[in-house]
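Chemist: Following is a predicted model, sequence given first.
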Amino acid sequence: MTDEPMTDPADLPADQPEDEVLDPALAAAVLEIEAHAAESGWDQQGRLFALVPTAALVAAEPELARAMGLDAASAEGSFTPVEQELAPGQVVEEVLGSIMWPDGVAGCAAIVERYVLPPGADADIPEDAEQAQAYAAAHPDRQEVRMVAGVTRAGATYCALRLRAHDDEQSVVGGVDLVPELLEMLQATLDNEDEESGT
């Protein structure tokens with residue numbers, strides 16, 4: 001994994017705060033992406049997805065929709081994730097800084113793997129990114145986590161986290177704001193109307 005370590009989420013929140021509104025379509029898309037990623041196992045490169053309204057996909061690409069088993073009824077109020085091709089070794093966070101999605105994309109999502117360190121470990125993390133990664137990889141109490149974060153143009157957010165030490169579907173943690181920095185980066189790709197797309 002090439003991402004910098006996270007600190008303090010040793011006890012990942014399992015409950016959704018009452019004041020945060022959940023978008024069921026976004027949550028379903030993020031959980032679908034997480035389950036898809038789980039099939040590929042761990043130690044994978046980060047991945048990036050456009051979220052397209054399934055109803056629009058059915059209308060614009062009926063043959064593709066039929067091949068995917070979609071129809072107008074099943075498409076209502078849902079998103080279809082469309083993976084964007086990244087070059088080998090390309091870091092998702094770096095890609096996010098240089099893209100803007102076209103109007104037909106209603107949202108986007110990303111997968112990254114990180115090391116999670118216990119509370120208090122942040123005081124010893126080197127400032128240099130490569131050294132920080134090496135420090136996290138060698139830490140005896142490190143945990144590995146796969147994070148899937150998604151956002152929509154309407155401002156909805158959702159995240160799904162899976163620890164490698166608890167690698168089963170029942171242990172996936174979901175919430176609207178579990179990875180705030182990644183969510184902000186994803187949202188910026190939808191808000192910026194002045195840059196040309198880099199995908």
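Modeler: The structure has been received and is ready for your questions.
Chemist: Starting from residue 46, give me the distance back to the closest residue to residue 96 other than its chain neighbours.
Modeler: Spatial nearest neighbour of residue 96, excluding adjacent residues (CB to CB, 6 or more residues apart in numbering): residue 185 at 4.5 Å. Glycine gets a C-beta too; all of them are placed from N, C-alpha and C. Note on residue 185: its distance to residue 46, by CB to CB, to the nearest Å, is 12 Å.
Chemist: other SSEs contacting the strand or helix carrying the residue nearest to residue 96?
Modeler: Following DSSP states H and E, one finds residue 185 within helix 180-191. Helices and strands touching helix 180-191, by 3 or more CB pairs under 8 Å, 6 or more residues apart in numbering; DSSP states H and E, are helix 92-96, strand 107-117, strand 143-152, strand 157-163.
Chemist: can I get these in JSON lines with mean neighbour count and distance to residue 82?
Modeler: Formatted as JSON lines, the helices and strands packed on helix 180-191 follow (neighbours: other CB atoms under 10 Å; distance: least, CB to CB, whole Å):
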{"stretch": "helix 92-96", "mean neighbour count": "17", "distance to residue 82": "15"}
{"stretch": "strand 107-117", "mean neighbour count": "24", "distance to residue 82": "10"}
{"stretch": "strand 143-152", "mean neighbour count": "24", "distance to residue 82": "13"}
{"stretch": "strand 157-163", "mean neighbour count": "24", "distance to residue 82": "17"}
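Chemist: just to revisit the earlier point, residues in contact with the helix holding residue 185?
Modeler: 93, 96-97, 99-101, 105, 107-110, 112, 147, 149-153, 155, 157, 159, 177 (CB atoms under 8 Å, 6 or more residues apart in numbering).
Chemist: could you give the angle of it to strand 157-163?
Modeler: Angle, helix 180-191 to strand 157-163, by axes from the mean of the first three to the mean of the last three CA atoms, to 10 degrees: 140 degrees.
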